[in-house]
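Colleague: sequence below, structure please.
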Amino acid sequence: MPSIVSLQNVHKSFHHLDVLSNVSCAVNPGEVVSLVGPSGCGKSTVLRLMAGIETPEVGQIERNFQRAGFVFQEPRLLPWRTALENVVLVLLDRHPASVQREKQAAALLQRVGLAGFEHYFPSQLSGGMRQRVAIARALAVDPDFVLLDEPFSALDFALRLSLIEFLRSLLTADNKTAVYVTHDVREALLLSDRLVVFSSLPGRIKQVFDVRHLRSVGHTLPPALQAIEAEIVDLLLAD
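Modeller: Got it, this is the predicted structure:
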């Protein structure tokens with residue numbers, strides 16, 4: 001089975017600043033891959049390249065997905081629309097009947113734990129709840145590929161851990177393929193099958209860790225994952 005997306009020897013620069021150098025990686029169907037590295041190392045650029053938002057100067061990208069769902073660092077909800085209406089917006093070209101669109105949007109909000117909050121406006125929701133709406137919106141199009149760009153970075157530590165566990169169960173239940181960008185190693189270890197560790201600018205892949213056989217339960221890392229966490233932190237500090 002072909003990869004959902006693969007990058008071969010990709011180089012990317014902005015205004016003569018080299019952002020990525022000779023990056024090659026692939027994401028396989030059904031796996032969750034985290035891109036980990038220091039702030040500003042090009043992780044989000046890799047995500048945009050995978051999505052087709054950016055194009056490389058050098059190298060090739062092969063995409064084998066039809067629909068992608070994107071969750072950004074900020075929820076990017078329309079403030080004048082309710083939670084339900086924000087999800088309905090992406091369903092306008094999928095269901096001709098408004099009743100059908102609202103029914104599907106309400107079901108998605110229930111899945112992300114927001115039953116009863118359908119008619120709340122973003123200003124009436126907490127930061128974590130707004131990100132849940134954003135996740136529901138991304139899943140509404142039934143994507144083959146979910147891209148998440150540091151969606152929980154603005155939230156406090158306890159809430160981040162709770163939402164990571166929630167997201168992991170959601171992706172696993174639907175067998176979704178996803179790429180998660182973060183600078184938080186523990187987040188990545190709690191969520192992912194594989195971690196791709198990047199260097200500082202220009203971003204290069206330093207090492208890839210396959211941890212699917214070490215998946216943790218809950219918020220605590222088992223000793224084997226703790227050892228990998230320490231190894232990744234050493235890699236990042238040595239850069």
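Colleague: elements contacting the helix or strand harbouring residue 136?
Modeller: Element membership for residue 136 (DSSP states H and E) is helix 127-139. Contact here means 3 or more C-beta pairs under 8 Å, 6 or more residues apart in numbering; DSSP states H and E; on that basis helix 127-139 packs against strand 68-71, helix 83-88, helix 98-111, helix 157-173. Every residue, glycine included, has its C-beta placed from N, CA and C.
Colleague: number of nearby residues for the nearest residue to residue 141 once chain neighbours are set aside?
Modeller: Closest residue to residue 141 apart from its sequence neighbours, by C-beta to C-beta, 6 or more residues apart in numbering: residue 67 at 5.2 Å. By other C-beta atoms under 10 Å, 10 other residues sit near residue 67.
Colleague: please apply the same query to residue 47.
Modeller: 21.
Colleague: so it: helix, strand or coil?
Modeller: Of the three states, residue 47 takes helix under DSSP: H, G, I helix; E, B strand; the rest coil.
Colleague: how far away is it from residue 196?
Modeller: 11 Å (C-beta to C-beta, to the nearest Å).
Colleague: shared neighbours, those two?
Modeller: Listed as contacting both residue 47 and residue 196 by C-beta atoms under 8 Å, 6 or more residues apart in numbering are residue 35.
Colleague: how's this structure carved up into domains?
Modeller: Annotated domains of the chain cover 1-66+145-239, 76-143 [automatic domain parsing].
Colleague: who touches residue 67 in this structure?
Modeller: So residue 67 contacts 141, 142, 143, 144, 145 (C-beta under 8 Å, 6+ apart).
Colleague: mind doing that once more with 6 Å?
Modeller: 141, 143, 144 (C-beta atoms under 6 Å, 6 or more residues apart in numbering).
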